[in-house]
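1. got a sequence here, can you model it:
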Amino acid sequence: MTDVLLAIGTMKGLFLARSTDRSTWQLSELNFPMNAVYSVAIDTRGDDPRVLVSAHSEHWGPSVFHSDDLGKTWAEPDKTAISFPADTATSLERVWQIAPSLSEPDVVWAGSEPQGLFRSTDRGEHFEFVKPLWDHPHRPDWGAGYGGAAIHTVLPHPTDAQRITVAMSTGGVYRSDDAGATWSAANSGVQVIFAPDRFPEFGQCVHKVARDPVDPERMFLQNHNGVYRSDDDGRTWDSIAEPLPTDFGFAMVTHPTRGEVAYNFPIIDGGDRVPPDHACRVFRTEDGGATWTPLTNGLPQQDYYDIVLRDGMCTDNADPAGVYFGTRNGQVFASADEGDSWAQVAAHLPSVLCVRAAVVG
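-> Numbering: from 1, shown residues only. Purely as a prediction, here's the structure:
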């Protein structure tokens, strides 16, 4: 028996689903009603899992909450968990990413809009501003993607606490080898189709980056037009989009334990922004992007117009791995067999912004 928690962040709050067989699910009441939940992390490093939630209230603004009893109760620090220093003359719009570090106990990273990076040493209760990235000479030229000017991907290295990679819209991928003291752009080979210089040092509209669990030097990237793989920790990138029906999309997820396995949800670019052939298909590669297989068993294949956002797909840490995704129209699907077959967890929810899953018992 595997006890899995599935956290579903939506435009109007957070739902928590529990299952012991990943076939039948019990869905909670709505948490944080009328708060947009842009990011969730399920931190399983301690004896008791901690759920971290970025919730944005139109009245009170953004905050980070945590629960040590799987969502029965929630705590918020007396002092704002994340804020920009006064000398930046900047205010926090929202928190787009919460990422526990696998190489440092109690360390949690967060990425924000505008493009800020923050680090916590108390499991996400209080965060400190990572000023060297904010002071990078490229920052004045970082733009705002359609979803905002945000650091939406934070990837601490799993074994080396000195190394961390972030990605933002727009700006691209940046990496540090000294725990955030200095930063360098890491976009070589990633194309910008809407700029005169197709391969600039920075300025790419990256949608999501995921790290390989076996070889941490290997990463997969979904760009605004373009799907890429890096085998040198993001220093250079090569296209792996040709076998896919389209090179546009938002989500990119790697398998929790198997190397070279990744999942993608392609979308038609331009004014359509719908799945190719109007079919709901998750694509999986098992060879690092050389080939991609459509996974359709249990998913609607006709007259389908829904999409998955950048954090709307995830895996759990069970064996075999579960794969999950939520859509703009409030559907949530789960696979207990690594994507070979799917079942619906929920429907008619508010628009899904993020999903996260983990074994919690």
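2. quick check: residue 251 touching residue 315?
-> No: contact criterion CB atoms under 8 Å: residue 251 and residue 315 do not qualify, at 11.4 Å. From N, CA and C alone the C-beta is placed, and that goes for glycine too.
3. need the overlap of contacts for these two.
-> Taking CB atoms under 8 Å, 6 or more residues apart in numbering as the contact rule, residue 251 and residue 315 both touch residue 263.
4. show me the strands in the stretch 201-350 of the chain, by range?
-> Remark: strands assigned in the stretch 201-350 of the chain by DSSP state E, counting those that start in this stretch are 206-211, 219-223, 227-230, 238-239, 249-254, 262-266, 282-285, 293-295, 313-315, 323-326, 332-335, 343-346.
5. how about a markdown table for those, with mean neighbour count added?
-> Shown next, in a markdown table, are the strands of the stretch 201-350 of the chain (neighbours: other CB atoms under 10 Å):
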| stretch | mean neighbour count |
| --- | --- |
| strand 206-211 | 24 |
| strand 219-223 | 27 |
| strand 227-230 | 25 |
| strand 238-239 | 14 |
| strand 249-254 | 24 |
| strand 262-266 | 25 |
| strand 282-285 | 22 |
| strand 293-295 | 18 |
| strand 313-315 | 25 |
| strand 323-326 | 27 |
| strand 332-335 | 24 |
| strand 343-346 | 18 |
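6. for residue 72, which of the ones you listed is the nearest?
-> Distance to residue 72, taken as CB to CB, is lowest for strand 343-346 among the strands of the stretch 201-350 of the chain, at 20.0 Å.
7. so what strands line up beside the closest one?
-> Sheet pairing of strand 343-346 (DSSP bridges) gives strand 332-335 (antiparallel).
8. the partner strand - what's its average pLDDT?
-> What strand 332-335 shows for mean pLDDT is 98.
9. before we move on, back to that, for residue 105, find the nearest of the strands of the stretch 201-350 of the chain.
-> Closest approach to residue 105 among those (CB to CB): strand 206-211, 19.5 Å.
10. same for that closest one, what does it pack against?
-> When contacts are defined as 3 or more CB pairs under 8 Å, 6 or more residues apart in numbering; DSSP states H and E, strand 206-211 packs onto strand 150-156, strand 164-169, strand 172-176, strand 219-223, strand 249-254.
11. please produce a markdown table containing these, extended by distance to residue 109 and mean pLDDT.
-> Below are the helices and strands packed on strand 206-211 laid out as a markdown table (distance: least, CB to CB, whole Å; pLDDT from 0 to 100):
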| stretch | distance to residue 109 | mean pLDDT |
| --- | --- | --- |
| strand 150-156 | 5 | 98 |
| strand 164-169 | 7 | 96 |
| strand 172-176 | 11 | 98 |
| strand 219-223 | 16 | 98 |
| strand 249-254 | 18 | 98 |
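12. and the strands in the stretch 51-200 of the chain?
-> Per DSSP E, counting those that start in this stretch, the stretch 51-200 of the chain carries strands over the ranges 61-67, 94-100, 108-113, 117-120, 128-129, 150-156, 164-169, 172-176, 184-185.
13. what's the spacing between the fourth one and its chain's center?
-> Looking back up the chat, that one is strand 117-120. The chain centre lies 16 Å from the centre of strand 117-120; the measure is CA atoms, centre = their mean, to the nearest Å.
14. quick one: contacts for residue 94?
-> Counting by CB under 8 Å, 6+ apart, residue 94 makes contact with 36, 38, 54, 56, 62, 112-113, 148, 150.
15. in JSON lines: the residues you listed, plus neighbour count and distance to residue 16.
-> Shown next, in JSON lines, are the contacts of residue 94 (neighbours: other CB atoms under 10 Å; distance: CB to CB, whole Å):
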{"residue": "36", "neighbour count": "21", "distance to residue 16": "17"}
{"residue": "38", "neighbour count": "28", "distance to residue 16": "16"}
{"residue": "54", "neighbour count": "31", "distance to residue 16": "15"}
{"residue": "56", "neighbour count": "21", "distance to residue 16": "18"}
{"residue": "62", "neighbour count": "23", "distance to residue 16": "20"}
{"residue": "112", "neighbour count": "29", "distance to residue 16": "24"}
{"residue": "113", "neighbour count": "23", "distance to residue 16": "25"}
{"residue": "148", "neighbour count": "17", "distance to residue 16": "26"}
{"residue": "150", "neighbour count": "26", "distance to residue 16": "25"}
